[in-house]
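*Asks:* curious how this folds, go ahead:
(2 chains)
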Amino acid sequence: MSDAPSLRTPSQRIAWTATMVISALVFVFLIAPILAIMPLSFSSGSYLTYPLPGLSLRWYDEFITSPRWMNSLKNSMIIGVASTLLSMALGTLAALGLAQWKSRFKPLVLAFVLSPVVVPGVITAVGLYFFFAPIGLTGSYLGLILAHTALATPFVVITVGATLQSFDTNLARAAASLGASPLQAFRRVILPLILPGLASGALFAFATSFDEVVIVLFMAGPEQRTLPREMFSGIRENISPTITAAAVILTTVSVILLATLEGLRRRNERLKGGG
Amino acid sequence: MTAASLTGADSKTSVPLKRRLKRAERARQFKALALVVPLLLFLLFTFAGPIAGMLWHAVDDREVRQVLPQTIAALAGWDGKDLPDEKTYAALASDIQAARAAGTIAIAAKRLNYALNGFRTILIGTARNLKTVPEAGTARETLGKINPAWRERATWTTIKDAGGPVTSFYLLGALDLVRNADGAIVAAPPDQAIYREVFARTFLISLGVTALCLILGFPVAYLLAALPPGKSNLLMIFVLLPFWTSLLVRTCAWIVLLQSNGVVNDSLHWLGIIDEPLRLIYNRFGVCVAMTHVLLPFMILPLYSSMKAISPAYMRAAASLGAPPLTAFLRIYLPQTLPGVGAGSLLVFILALGYYITPALVGGAADQMISYFIALYTTETANWGLASALGAVLLLATILLALVYGKLVQGQQVTGGMKN
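*Replies:* Numbers count the residues shown, from 1 in each chain, chains lettered A, B, ... in the order given. Sure thing, here's the model as predicted:
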């Protein structure tokens, strides 16, 4: 990595080297914990220490055969997919509307729509706990799906909104002038173009729900415990290698989501560059 | 639209056209707004409503009023100077009898115990010992005999203050303030005054984590912005992978690394640097390390985008005008990164203020932040009033900071970035 901005003087070279060294250390700090936990899940021993006594898949086996862990994985998927679908429907409509709406109240509405991201999780959780308990929505799938949808929708509005911003409205007008009905224009012209944005929004929404734990802590009954919730109590009680196996599974899901997102971003950039 | 433009084209009356255009535009705006309404209604039900409800709980005070209605009514005319009159005592005796029969006495006892330690014993003991309704004119004497506390003015002030329907009791309590017997706001007794310290601790930990993130994040963001896109995209994975990895995985990883027989202690021991394992977790150090790890990407990403926007031409211009590199950096580059520094720091600080999971898992009893107490009073002790009041203070701090953040990033395009 010698292609620094423009290194003429020795002091500049020293500064650049220092930046690289510090950055390398920070990268290690960021990535090492995630990498360190992975091999432990393949340990044949029951202690979380290095060197590993031997390799085995027993902790993955335990994860897969444990009704508790499998149930939590199932719950995470159900709640994640349902809240993704719901937040996509609500968020995409809102992003479409916000893109066309001109009003001085728009910043206010936008701030309100985005506020679930900023408000601390505990506050949302406590509020929902008080609000949902009397109407029987605590300890229910529906309650959790609604709560996660509220948290996830801002990401959909942001991502889809960003895609719409770079969308050329003349294309919609061209479709209309060629006789397409608004619905036809949306389905055949607008939708294919904003699809990558929709996909990123869906990934963000799913990741938000899949990773969320504070609201689940307050609202889930024993039946609705999600994977993060199960990990939370596992970490509290006593970290067993099964948790590291769960961590690796969760991380794999994250990597897949991230890779998909990166692929979408590249595709988008290529399209923009080509156009 | 087509009809409007046709009439506009072949007629000389431009006013109807204008009006028609306006009407069409208004219809378009109405349709646009209609698309946003479902989300607004949804958030009203799942977000704004619940939070408004929480804020209401912070001032709602109807428990005592519901259990001891006659007493509260009788106390309304009491000036609070001497003991209340016989009529009030009789009202209390009658209320206690009714509440005991209804099984609601514990509700009032719990609320009154928040305000005056030991009130639970007074009220429930009185209810147990008050077998019959006292004869006319003897209520004061009877109650005083059962418990001498009924001869004290403070006992009655407590009931009157808890008479509702709204109260500042919990909000004052969240700031370590109480009303004394004369109604003046004074500092809470030291054994009950813990929240200012908790807020100070929350603030301090958040500030420390923000500073650490800035110190660690700045060189990284600089490097990423200075490298050609191919390389910086590759290195960006080091930032994005942790960003996307579950919070619990990362917290769990730090426990595995830092515990007394964990990787870090083992390595230090093996290297001969330490003999005894260091205590690296379940203390402030562990909280700061884990939170910095979790929040660092939220610092790097805004810094990176602000640095990416700085044209290298500025630095070249400064150099060509004779500025030494350090001067050019301090006077040309650094000022231009300040919006990014501000946005990143505020974002990290806001997120840190509300953190719950990481301190709960890797902190000790003395490292718990405000969120922990809000959760504790909601689920464990069911002191909803205090939980809501603490929540209200945290919410206020967050909103104020978010407003500053909004001003700061105004005009800048913020995408992604935030993930809790």
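*Asks:* I'd like to know how many residues surround the nearest residue in space to A:Ser200 that is not next to it in sequence.
*Replies:* The shortest distance from A:Ser200 to any non-neighbouring residue, by CB to CB, 6 or more residues apart in numbering or on different chains, is to A:Thr159 (4.7 Å). C-beta: built from backbone N, CA, C; applies to glycine. Using other CB atoms under 10 Å in any protein chain shown, A:Thr159 has 28 neighbouring residues.
*Asks:* A:Thr159: what secondary structure?
*Replies:* helix (DSSP: H, G, I helix; E, B strand; the rest coil).
*Asks:* ok, it touching A:Ile194?
*Replies:* No - in terms of CB atoms under 8 Å, A:Thr159 does not count as a neighbour of A:Ile194; the distance is 9.9 Å.
*Asks:* and the residue of the stretch 301-420 of chain B closest to chain A?
*Replies:* B:Gly354 (2.3 Å; CB to the nearest CB).
*Asks:* can you report how many residues neighbour that residue?
*Replies:* B:Gly354 - counted by other CB under 10 Å - has 26 other residues nearby.
*Asks:* for it, give me its contacts.
*Replies:* Contact partners of B:Gly354, counting by CB atoms under 8 Å, 6 or more residues apart in numbering or on different chains, are A:Val119, A:Pro120, A:Gly121, A:Val122, A:Ile123, B:Ser371, B:Leu394, B:Thr398.
*Asks:* out of those residues, which is most surrounded?
*Replies:* Most crowded among the contacts of B:Gly354, counting by other CB under 10 Å, is A:Val122 at 29 neighbours.
*Asks:* now the residue sitting nearest the centre point of chain A, nearest residue through space, not along the chain?
*Replies:* A centroid search over chain A (CA atoms, centre = their mean) returns A:Ala207, at 2.6 Å, as the residue closest to the centre. Nearest residue to A:Ala207, sequence neighbours excluded (CB to CB, 6+ apart): A:Leu257, at 5.5 Å.
*Asks:* quick one: secondary structure of the one you found?
*Replies:* The three-state label for A:Leu257, taken from three-state DSSP, comes out as helix.
*Asks:* quick one: pLDDT of it?
*Replies:* Note for A:Leu257: predicted pLDDT of 86.
*Asks:* ok, it - contacts?
*Replies:* Listed by CB under 8 Å, 6+ apart, the contact partners of A:Leu257 are A:Leu203, A:Phe206, A:Ala207, B:Trp244.
*Asks:* out of those residues, which are inside helices?
*Replies:* Residues of those located in helices (DSSP state H): A:Leu203, A:Phe206, A:Ala207, B:Trp244.
*Asks:* and the residue of chain A nearest chain B?
*Replies:* Per CB to the nearest CB, A:Pro120 is where chain A lies closest to chain B, at 2.3 Å.
*Asks:* wait, doesn't that residue sit right on B:Ser371?
*Replies:* Yes - contact criterion CB under 8 Å: A:Pro120 and B:Ser371 qualify, at 6.3 Å.
*Asks:* the residue nearest to the centre of chain A reaches A:Leu250, doesn't it?
*Replies:* No - using CB under 8 Å, A:Ala207 makes no contact with A:Leu250, being 10.6 Å away.
*Asks:* residues near the closest residue to B:Ala76 other than its chain neighbours, how many?
*Replies:* For B:Ala76, ignoring the flanking residues on the chain, the nearest one in space by CB to CB, 6+ apart is B:Gly163 at 7.7 Å. Neighbours of B:Gly163 under the rule other CB under 10 Å: 19.
*Asks:* next, see if stretch B:258-277 gets close to chain A.
*Replies:* Yes - counting by CB under 8 Å from any CB of the partner chain, chain A is contacted by stretch B:258-277 at B:Gln259, B:Asn261, B:Gly262, B:Val263, B:Asp266.
*Asks:* buried subset of those?
*Replies:* B:Gln259, B:Gly262, B:Val263, B:Asp266 (16 or more other CB atoms under 10 Å in any protein chain shown).
*Asks:* who's in contact with the second one?
*Replies:* Taking CB under 8 Å, 6+ apart as the contact definition, B:Gly262 lies against A:Leu48, A:Thr49, B:Ile255, B:Val256, B:Leu280, B:Ile281.
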